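J.: Sequence and predicted structure below; questions after.
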Amino acid sequence: VQLVESGGGLVQPGGSLRLSCTVSRFTFINSHMSWHRQAPGKERELVASITKTGGTTNYADSVKGRFSISRDNAKSTVYLQMNSLKPEDTAVYYCRASDIWADRTYWGQGTQVTVSS
C-alpha cells in the first residue's frame, strides 16, 4: 500500500501550508488517518487524527486552533491545513493509515515543512 504525500515546503512564520496524502481507495475507506511529525533530535509525535468516517478529529495541544485535518473519501485523500505556522512546527510530516479491516498500519515517506524567516 502506497501513501503519497505532497504540499511541504518553506514558509515564513505566520504563513500557511496544506499537506495532502493520497492512499489506495480500498485501504483509505477502511482506515482512520493521521498526521505525525518528527523534528530533528525528537521523537515522532501525533499531530492530528480523523476517523474513517470523518466524524471525529483530534489534535495535539500544540496545534489546536491552527491546524485542521480533513478527508475526501471520493478522492482517497487526507489533508492537513496548517495556519499561523511557527518555527517550532518545523519537522518532517508523515501521513499514517490505520487500516481497521486489515489490522495493519501504513506510513507515507514524509514531507519536509520548514518555518523560517
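T.: Sure thing, it's come through.
J.: Can you give me every residue that contacts Y59?
T.: Y59 is in contact with 47-48, 67, 69, counting by C-beta atoms under 8 Å, 6 or more residues apart in numbering. Any C-beta I mention is one placed from the backbone N, CA and C, and that applies to glycine too.
J.: meant to ask about S6, not that
T.: Under the criterion of C-beta under 8 Å, 6+ apart, the contact list for S6 reads 19-21, 111.
J.: Please report how far it lies from T111.
T.: Distance from S6 to T111, counting by C-beta to C-beta, to the nearest Å: 7 Å.
J.: Overlap in contacts, these two.
T.: Residues touching both S6 and T111 (C-beta under 8 Å, 6+ apart): L19.
J.: so where's this structure uncertain?
T.: Residue ranges of the chain with pLDDT under 70: none are present.
J.: Next, please give the residue ranges for the helices of it.
T.: Listed in chain order, the helices found in the chain under DSSP state H are 25-29.
J.: Identify the residue nearest K42 in space, chain neighbours excluded?
T.: The spatially closest residue to K42, leaving aside those adjacent along the chain, is A91, at 7.9 Å (C-beta to C-beta, 6 or more residues apart in numbering).
J.: Surely the one you found touches Q38?
T.: Yes: with contact taken as C-beta atoms under 8 Å, A91 and Q38 are classed as touching, separated by 5.6 Å.
J.: If you count surrounding residues, which of the two has more?
T.: A side-by-side neighbour count of A91 and Q38, using other C-beta atoms under 10 Å, places A91 first with 22 against 14.
J.: centroid residue for this structure?
T.: W35 (2.8 Å; C-alpha atoms, centre = their mean).
J.: Any idea what that residue is bridged to?
T.: Beta-bridge pairing of W35 under DSSP bridges involves A48, C95.
J.: Check whether it really touches A48, as I assumed.
T.: Yes: A contact is recorded between W35 and A48 when judged using C-beta under 8 Å, the distance being 5.1 Å.
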